[in-house]
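K.L.:
no sequence on this one, just coordinates:
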């Protein structure tokens, strides 16, 4: 009787071993067969905390026809079920279940980019973020003050805090995470510029430099004129002369500005009207780039107090009002 039991157990072991070998072989073969797809590529997002089965269902919804049971078995047998990383991925024709699994275990995510140009306002950055379907929207009901608190900033406004650059990110990244990166980069650039500033500038804080840099950014895009423009504003600040710069007036007008600045607009007082109020405005008026930041802390040394656009992107600089009026007649009024 004992011999029959022993034979039965051995037979059972042999059968189970054979079945395991068959299953392992079938899994190995299936893991290396290309999955069928609805198109040449498919993008999908793995959310944090998702199980292998849930991930497989996400891939199927994206057009990657992987078998969930196979993916779960493959993940568990290989020990990669605990290594799968959240993020955005791309499947392509010819991918096998094993290749898809390895990609997620290694965190080989797809990357996209978003560019914030120099001189954009915070409102323009937010609009660009809202327009991107690959950015997770989390800030729609967040006030400016709440955003500043989350960023750990004591600035009175988000304006000017975000460094203009191209940012790479995985689809599904939140709008806040992108802005946080831009704010960190902006803080680093400002800190470095302020640390290397010229001595005896009439700027009391790094924030003053940021405000001035934003005005320079909006006043000129011509590299050769930036430090000269900065020099004009620094000279005016030193003698207590109003900055009288149109971009600050336009910023203060908000949506009331329709593309044309009139004489009465220059006389209408707002916190940003540098015709009616002395000194720097209370906040930046845009997000300045590195060149404008450097110009603000390394202005040209000259006696210029005025400048006017020549119409070709460059400016004509003058040391006195009479010379400035002649330049206005020549370049603005087109009179010799």
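P.N.:
Received it, and whenever you're ready, just let me know what you need. Keep in mind it's a predicted model, so treat the numbers as computed, not measured.
K.L.:
so who does residue 319 touch?
P.N.:
By Cβ atoms under 8 Å, 6 or more residues apart in numbering, the contact list for residue 319 reads 302, 303, 304, 305, 306. Just so you know, the C-beta spots here come from the backbone N, C-alpha and C atoms, and that holds for glycine as well.
K.L.:
could I have the ChimeraX command that selects the buried members from these?
P.N.:
Selecting only the buried entries of the contacts of residue 319 in ChimeraX, with 16 or more other Cβ atoms under 10 Å as the criterion:
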select :304,305,306
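K.L.:
show me the contacts of residue 319 that map onto strands.
P.N.:
Judged by DSSP state E, the subset of the contacts of residue 319 located in strands is residue 306.
K.L.:
quick one: which of the contacts of residue 319 is nearest to residue 266?
P.N.:
residue 306 (15.5 Å; Cβ to Cβ).
K.L.:
check what pLDDT the spatially closest residue to residue 121 that is not a sequence neighbour gets.
P.N.:
Computed as Cβ to Cβ, 6 or more residues apart in numbering, the closest residue to residue 121 that is not its neighbour in sequence is residue 286, at 5.3 Å. Looking at residue 286, its pLDDT stands at 98.
K.L.:
phi, psi of residue 286?
P.N.:
phi -170, psi 180 (degrees, to the nearest 10).
K.L.:
any idea how far it lies from residue 314?
P.N.:
Relative to residue 314, residue 286 is positioned 20 Å away (Cβ to Cβ, to the nearest Å).
K.L.:
between those two, tell me which one has more neighbours.
P.N.:
It is residue 286, of residue 286 and residue 314, that has more neighbours when counted by other Cβ atoms under 10 Å, with 23 against 15.
K.L.:
hang on, that one packs against residue 218?
P.N.:
Yes: using Cβ atoms under 8 Å, residue 286 is in contact with residue 218, at 5.5 Å.
K.L.:
quick revisit: residues contacting the residue nearest to residue 121?
P.N.:
Here residue 286 is in contact with 119, 120, 121, 159, 160, 214, 217, 218, 247, 251 (Cβ under 8 Å, 6+ apart).
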